[in-house]
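In: Provided below are the primary sequence and the corresponding predicted coordinates.
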Amino acid sequence: MALPEVFKLYYPPLDDHPLPEPEEERENLGITSPASAIQQPNEFKTEYHPRSSRATLCQPFEEFRVAQEIQQVPVDEESWHPFSSRGDLEFAEIALNAALNKSHINALLSLISRISQGQAQFSKHEVPVTYKRNEQEYEVHTRPIWDWALDLLDNPLLAPHFVWDACRVYKHNGMEFERFFDEPWTGDRWWDIQSSLPPDVDGAVPLCFILYADKTKLSSHGMVKGYPVVARCTNLPVHIRNGEGFGGGRVVGWLPIVPEDAAEEGKLGYTTLKRIVWHESFLKFLEHVTQYSKTGYSHKCYNDIPRWLFPVILILSADYEEQCMMSLIRGRGGKCPCPVCLVPLAELHDLSKTYPLRSVEEAKEALRVYNFSKAQGDVILKSLGLRPVENVFWLVLHSDPHDALSLDRLHSLHAGLWKHLLGELKKILASLGRDAEAAFEKLIADFPRWRNFNHFVSVISISFTDGNKFQDLSKQTLYSALGILTHRASPVGYRLLRVIGSYLQLDSWIGLDVHTESTLAAIEAELLVFDAELKAYITCATESEIEKLKLDWNFPKTHLWKHIGRDIRRKGAARNYSTRPNEKLHGPLKDTYHRRTNGKNVAAQILRVDHHQFALKLLRERISTLDEHHRLQALGDDAPDEEDLPIAFDNDWKLCSPMQRPSSILNIENNGQTDRAFQHFRRKFTDFINECLPTYGHQLMSWLVFPPNFQIHEHRYLKVNYKSTVDWKQATDHLRCNPQFHGRPRFDHALIQLTAEKTAFVRLVFMFKCCISNIGSFEFALVQPYTAGIGVPRRMDRIFKLTRIKAVPRASSIFIPLVSFIRGAVLVPDPDRQDEYLVVDHIDSDMFLRMKAGALQ
């Protein structure tokens, strides 16, 4: 029986028949839009800064950023020293992580301290500050940032990965080279800094830092707080810089916290005192940095190339409260509450307007006037929304704090603006009654599961502070509320959903790890859409009878993403200045407080343990390098050459979780009688095999017939590797096809190559391996295609930028080879329309770009 025309599958060749080349494969995917960041370029171009004396480099995809020559890293055959053996080191790791009591591990800690000799140590300083004619001292613990940076430079495992020169990188989009931004050195700020270094100094390059600071609650009751400072080196690639290894974030100290005083709190003098203490204390971290930013520092790199290093604070990573402290603005109550520009307080909600950027020169002049005449200076400072304090970052050349501050998605969006939108949603649902709330909660609870994606059973009556949960909830809320907050049922709720829809568009655009001028243009356009939708919501909320709806949206988090396009152009992708990697370091500090301190003078105790853990981490990385060296030695001539390692790759898959025993094809058909997808299983499989095997190069002399006892081995888990359309690197989806996965059925969806020209979404029904006599072993899946016609696109889908698809009847299930899988997908059923589904394109950046490019060609 021949398959209907729509189900005549495209069978990608296997084994001896090579897969399509990357460009050909992308054409099959239908990703042809030249105005997006997702097209696989034929060629990359890198223009280096003129001061680097490096020629422009053009490379094919396979060589881009992998063709650098790296000298062989020396291997220490006894890298566990000063421990007497590797076993002793591993015992020390266990003992330290287990937090044994002091009497058990005094000797161990003494040994560990020997490891750290030569590494930058913590030291305590007393910072004197006068308040109301009384001098008070504040304790700050520091590891000078410069000493920590030299430790990184001297580490042979990290040295080859440092990037010194600014560059402008381009990819060819089929018509022209289009510039893109990802790492900080691809942005304009690094380029401008390198241009401003002394022209008479050969080898002058910036050594750039990311600095983070934030108070955190150490005790469960919140009475004991810590104030860690974290540094990262921006010259290292993001996978190292944001990683958890030796080259990742490092706690470099502990700032003092000015105690709360009910009698003084809120007074201008006491508020100013807190700023003075912060900046005077932070100066201790910048020992040598301030000096070398002016004179430079001569350093010979691992490849014996001498360079003059000029330290720069390139990025300040912080939430809004800390941004106010770092930039010394007056915050929400000031006339200009933005740390980057001079937008008036009353215009924070209006994203259609642009205001002058702040400058260090302007702030210095205002402070000079204040020091000469407090009355005149105070007027100027208030008009600028500034505090009368000298900013410590002014002492570091090329480190304008207003330019270094950037949008933090975690606090500004996920745990910021989205919290306000969610609060409005709850008020509107409450006004519609319990039935509306219950319907919303059920749709949230039934939302499809996905790996590393938070699932919620209840939302209305539960509150939390985890920004990652807020982010995941935002992606589920729109789809769950569409059928409830219709224009007829709730005009103001419908208007809010339009705001949420635009918010999700912006968050997905901003979250890309690679940006082009096209994606930046999309962000600028969507900001105007959000601006219009928010204004329309405010108007509707003003006329609504629902109580306590938010009418005043003039708060900083509504405005801060106004500058994201400039941030990306100047400092690369948003992950470069995210607080997420830094906030992950709070957890170990809190654990140390609970398990390793006596509750008194905790800063010194916590930092001492942190230093011990850091020393062990250094040894562990050395041993890992030694293990890899031994592994390659054991392979001998079979060890792959570096140039032979695969860089580009094709779609790949791996079947996992096999059932204990195979089943006969007849049993499978009989066991699935309650599911129409298994109807005529044996006959459909026979037709499928006889049609598809010739496309694999197997010439069939006669029609294959499968006996009732033909063995099929079911599997319930599939890993799918695919090439990300965002950064062209490998990503992996984990798909389940299991009737009882953690107590509930789970049959995931996927995007597949249906024909040579068409892709389609499907739902997994059954996955299996089978062996056909005299031909070979094959892996297939029975799936339900979502290819039925929908008719005229709905207005709602256009407004909310939704991709709607429809499932064919279960009885029309088809077989496909696993090589047809492109990637996994999350589809949400439309409760008001049978068999219709909405694609959750915000599930990740790759799916977002595929939908923007029109994956369903």
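Out: Yep, that arrived.

In: what comes up buried for stretch 736-755?
Out: Neighbour-count burial for stretch 736-755, counted by 16 or more other Cβ atoms under 10 Å, picks out 736-738, 741, 746-755. Where C-beta positions appear, they are placed from N, C-alpha and C, glycine not excepted.

In: quick check: the farthest pair among these?
Out: By the measure Cβ to Cβ, 741 and 755 form the most distant pair in the buried residues of stretch 736-755, at 30.9 Å.

In: give the bridge partners for residue 309, please.
Out: When bridges are called by DSSP bridges, residue 309 pairs up with residue 205, residue 297.

In: burial measure for it, as a count.
Out: 23 (other Cβ atoms under 10 Å).

In: same question, the one 10 residues further on
Out: Using other Cβ under 10 Å, residue 319 has 21 other residues around it.

In: now it: phi and psi?
Out: With angles defined as degrees, to the nearest 10, residue 319 sits at phi -80, psi 180.

In: quick one: residues contacting the nearest residue to it once chain neighbours are set aside.
Out: In this structure, residue 319 finds its nearest non-sequential neighbour in residue 411, 3.8 Å apart by Cβ to Cβ, 6 or more residues apart in numbering. Residue 411 makes contact with 319-320, 467, 557, 579 under the criterion Cβ atoms under 8 Å, 6 or more residues apart in numbering.

In: am I right that residue 411 sits in a helix?
Out: Yes: assessed with DSSP: H, G, I helix; E, B strand; the rest coil, residue 411 lies in a helix.

In: can you name the next helix or strand after the host helix or strand of residue 735?
Out: Following DSSP states H and E, the helix or strand that holds residue 735 is strand 730-741. Next helix or strand after strand 730-741 toward the C-terminus (DSSP H and E): strand 744-747.

In: can you tell me how far the most centrally placed residue in the chain sits from residue 122?
Out: The chain has residue 575 as the residue nearest its centroid, 5.6 Å off, counting by Cα atoms, centre = their mean. With distances taken as Cβ to Cβ, to the nearest Å, residue 575 is found 29 Å from residue 122.

In: can you check residue 473 too?
Out: Relative to residue 122, and taking Cβ to Cβ, residue 473 is found at 39 Å.

In: higher neighbour count, the two?
Out: Under the criterion of other Cβ under 10 Å, the comparison of residue 473 against residue 122 puts residue 473 first, with 21 against 18.

In: list the contacts of the closest residue to that one other than its chain neighbours.
Out: Excluding the flanking residues, the one nearest residue 473 by Cβ to Cβ, 6+ apart is residue 456, at 6.2 Å. Taking Cβ under 8 Å, 6+ apart, we find residue 456 in contact with 444-445, 447, 462, 469, 473, 476.

In: what stretches of the protein score poorly on pLDDT?
Out: Counting by pLDDT under 70, the ranges of the chain that qualify are 1-42, 66-121, 612, 615-651, 855-857.

In: how about the helices of the stretch 501-650 of the chain, start to end?
Out: 517-543, 556-559, 564-571, 580-583, 586-596, 602-635 (DSSP state H, counting those that start in this stretch).

In: and the fifth one, what does it pack onto?
Out: Yep, that's helix 586-596 we're talking about. strand 216-217, helix 602-635 (3 or more Cβ pairs under 8 Å, 6 or more residues apart in numbering; DSSP states H and E).

In: any idea which helix or strand comes after the last one?
Out: It stands for helix 602-635. Next element after helix 602-635 (DSSP H and E): strand 652-658.

In: what do you get for the shortest one?
Out: Read in the C-terminal direction, the helix or strand following strand 216-217 is strand 225-226, with elements assigned using DSSP H and E.

In: what are the pairing partners of that next one, and which direction each?
Out: Counting by DSSP bridges, strand 225-226 is paired with strand 216-217 (antiparallel).

In: quick one: contacts of the strand it pairs with?
Out: 224-228, 586, 589-590.

In: picking up where we left off before, quick one, what contacts the closest residue to the residue nearest to the centre of the chain other than its chain neighbours?
Out: Counting by Cβ to Cβ, 6+ apart, residue 575 lies nearest to residue 513, which is 6.1 Å off, once chain neighbours are set aside. Going by Cβ under 8 Å, 6+ apart, residue 513 touches 182, 573, 575, 726-727, 845.

In: ok, now how distant is residue 513 from residue 768?
Out: Counting by Cβ to Cβ, the gap between residue 513 and residue 768 amounts to 36 Å.

In: how about the helices in the stretch 651-800 of the chain?
Out: Taking DSSP H, counting those that start in this stretch as the test, the helices found in the stretch 651-800 of the chain are 665-671, 681-692, 795-799.

In: out of those, which gets nearest to residue 364?
Out: Nearest to residue 364 among the helices of the stretch 651-800 of the chain is helix 795-799; the distance by Cβ to Cβ comes to 48.6 Å.

In: show me what the closest one is packed against.
Out: Short answer (3+ Cβ pairs under 8 Å, 6+ apart): helix 795-799 packs on no helix or strand.

In: pretty sure residue 289 contacts residue 145?
Out: Yes: between residue 289 and residue 145 a contact is recorded at 5.8 Å, counting by Cβ atoms under 8 Å.

In: shared neighbours, the two?
Out: In contact with both residue 289 and residue 145: 209, 311, using Cβ under 8 Å, 6+ apart.

In: ok, the residue lying closest to residue 279 once chain neighbours are set aside to residue 196 distance?
Out: The shortest distance from residue 279 to any non-neighbouring residue, by Cβ to Cβ, 6+ apart, is to residue 392 (4.2 Å). For residue 392, the distance to residue 196 equals 21 Å [Cβ to Cβ].

In: ok, now residue 533?
Out: 41 Å.

In: and these two? Which one has more around it.
Out: residue 533 (20 against 13).

In: what residues are up against the more buried one?
Out: Neighbour list for residue 533: 495, 498-499, 501-502 [criterion: Cβ under 8 Å, 6+ apart].

In: let's have those residues in a markdown table, adding distance to residue 214.
Out: What follows is these, written out as a markdown table (distance: Cβ to Cβ, whole Å):
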| residue | distance to residue 214 |
| --- | --- |
| 495 | 35 |
| 498 | 34 |
| 499 | 29 |
| 501 | 31 |
| 502 | 29 |
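
In: show me which of these is closest to residue 187.
Out: Nearest to residue 187 among the contacts of residue 533, counting by Cβ to Cβ, is residue 502 at 26.2 Å.
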